[in-house]
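Peer 1: give me a model of this one.
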Amino acid sequence: FVPSQKFLPTYFLFSMRKNTISRLLNQISSDNNYLVLLFALLITSSAWSFFLTSVSTILITAAAILNFWFQRRKYDKVGGERDFSFKKYFPYVCVSALFFLTVLSGLWSENSHDYLGAIRIKAPLFVLPLSIYFLPKLSTKQFYKIFTILIIFLGCYGLFIIIDYSFHSKIYTQLLYFGQPVPHIRDHVRFTILCAFAFIVGVITLEKNVLIKIFQRIYLAALAIIFIALHIISARSGLLILYASILVYIIRLAFIKRQYLKHSFFVLVIALIPIIAFYTVDSFHQKINYFLWDRQMQQQGDSKTYSDGERWVSNEIGIKIFKENKLLGTGVGDFWDSIKKEYTLSAPSFDPKMPHNQFIVVAASFGILGLMVFLFGFLYNLNGFDYEILGEIKLFFYLNMLLAFCFDVPLEAEFGIVFYAFFASLLIKQNDEKV
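Peer 2: Numbers count the residues shown, from 1 in each chain. Have a look, this model is predicted:
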């Protein structure tokens with residue numbers, strides 16, 4: 001094809017622009033640092049901005065589509081590994097198991113509005129694993145950069161909380177006295193779960209000595225701030241995960257290094273920290289007092305208006321719904337209607353609430369078959385991590401999620417869904433080959 005003289009300048013201008021754009025896109029695709037920024041934006045924004053979380057998810061999806069397109073062009077020109085292999089994709093399918101269960105439950109759900117709402121909320125469980133599958137694997141340095149950005153971000157956030165607490169400690173204490181969360185945090189329970197995971201990853205990174213000295217000092221400062229902030233926030237799920245992770249880490253080190261006496265001393269120190277915090281941090285002191293008072297009220301049969309009592313009742317309601325729909329559950333669309341109906345019959349004086357246990361919610365929504373699929377998907381990726389640091393991070397990530405599933409429903413809200421889908425998929429990706 002030879003353009004006419006009239007359109008020749010336009011033709012050459014278009015060709016130059018096309019070649020420039022193509023070279024630019026090729027340069028971007030060959031340098032994965034943009035992925036570090038997108039991943040860091042996703043996981044940090046999930047703590048405080050729905051909008052930025054959605055934007056970063058869209059950008060990651062767009063990057064995956066572009067990378068898929070470049071890989072297809074490369075395969076068509078020079079040959080090479082094909083773009084899609086179900087065997088390699090299957091671990092990502094396991095991460096998305098709850099999304100597929102949600103979609104299938106539409107076959108026996110009558111409430112289409114709640115059904116579509118559940119699909120919208122759980123969409124990142126499908127989109128993020130699929131996108132990360134088609135994106136390139138990060139280098140060791142890039143992999144650590146994500147956690148460095150996350151830990152520094154949480155350290156700055158924690159510093160803000162500490163400073164705000166120092167000026168408004170009475171407000172914090174009063175809120176916790178009535179069982180309310182502290183201010184300035186969008187989702188205090190899941191935020192503390194993220195902080196607990198970031199803390200233990202920071203400890204692992206320092207112990208492996210993979211950072212330069214200046215970053216080691218920054219890590220130490222950020223981890224100390226995160227640790228203090230967690231006790232000010234005083235969300236029990238986050239603190240439980242934090243201390244469980246620390247104890248497992250110390251016990252694991254004791255057996256690896258065979259230094260039992262030394263690490264027994266560390267266990268004793270960790271056990272003393274909550275006691276010291278009880279007498280020195282007013283918000284933590286008030287949280288423990290509220291917990292003990294709540295338990296006393298439950299024993300006296302007065303659970304209404306107390307958060308722990310309401311959670312216990314919600315779990316009982318969830319178990320009743322499961323027993324009535326053992327095989328396939330209610331379907332995700334009809335689950336909330338079933339909760340309201342069961343509350344009317346069994347606990348009319350209580351306001352309907354979602355059960356505070358992920359396993360109960362899955363069992364009631366999808367039945368015993370759905371619970372088995374969910375557990376298989378969750379446990380499948382526990383094996384196959386043969387790199388030392390990845391193995392450590394993987395162990396504590398799944399410990400983190402397992403404890404979170406027992407005391408909360410992280411996969412019923414955007415924050416928890418993004419946290420689980422992203423880190424589970426990233427660890428799978430990095431395990432394709434040693435980082």
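
Peer 1: was I right about Leu390 contacting Asp432?
Peer 2: No - at 10.8 Å, Leu390 does not count as touching Asp432 under the criterion of CB atoms under 8 Å. Quick note: C-beta positions are derived from backbone N, CA and C, even for glycine.

Peer 1: is Leu37 in a helix, a strand, or coil?
Peer 2: helix (DSSP: H, G, I helix; E, B strand; the rest coil).

Peer 1: any idea how far Lys429 is from it?
Peer 2: 17 Å (CB to CB, to the nearest Å).

Peer 1: Trp69 too?
Peer 2: 19 Å.

Peer 1: pick out whichever of these two has more residues nearby.
Peer 2: Lys429 (21 against 14; other CB atoms under 10 Å).

Peer 1: by contact count, what packs against the strand or helix carrying the more buried one?
Peer 2: Assigned by DSSP states H and E, Lys429 belongs to helix 414-430. Other helices and strands packing on helix 414-430, by 3 or more CB pairs under 8 Å, 6 or more residues apart in numbering; DSSP states H and E, are helix 33-45, helix 50-78, helix 86-95, helix 112-122, helix 124-134, helix 188-208, helix 388-407.

Peer 1: where among those is average confidence lowest?
Peer 2: The minimum mean pLDDT among the helices and strands packed on helix 414-430 belongs to helix 50-78 (a mean of 81).

Peer 1: what is it packed up against?
Peer 2: Secondary-structure packing of helix 50-78 (3+ CB pairs under 8 Å, 6+ apart): helix 8-30, helix 33-45, helix 124-134, helix 414-430.

Peer 1: report the distance from it to the chain centre.
Peer 2: Chain-centre distance of helix 50-78: 22 Å, with CA atoms, centre = their mean, to the nearest Å.

Peer 1: under the pLDDT cut-off, which ranges of the protein? List them.
Peer 2: Along the chain, segments meeting pLDDT under 70 span 1-31, 73-84, 176-181, 183-184, 212, 282-287, 289-308, 384-387, 433-435.

Peer 1: name the residue in Leu390 and Asp432 with the higher neighbour count.
Peer 2: Neighbours were counted for Leu390 and for Asp432 using other CB under 10 Å; Leu390 has more, 17 against 11.

Peer 1: need the helices for the stretch 151-300 of the chain, in chain order.
Peer 2: 169-177, 188-208, 213-233, 236-257, 260-280, 282-299 (DSSP state H, counting those that start in this stretch).

Peer 1: next, the angle from the second one to helix 414-430.
Peer 2: By that I understand helix 188-208. 30 degrees (axes from the mean of the first three to the mean of the last three CA atoms, to 10 degrees).

Peer 1: report the angle between helix 188-208 and helix 213-233.
Peer 2: Using the same axes, to 10 degrees: helix 188-208 against helix 213-233 is 150 degrees.

Peer 1: buried ones in helix 188-208, by neighbour count?
Peer 2: Neighbour counts over helix 188-208 (16 or more other CB atoms under 10 Å) mark 188-205 as buried.

Peer 1: what do you get for the fourth one?
Peer 2: Counting neighbours by 16+ other CB under 10 Å, one finds that the buried residues in helix 236-257 are 237-246, 249-250, 254.
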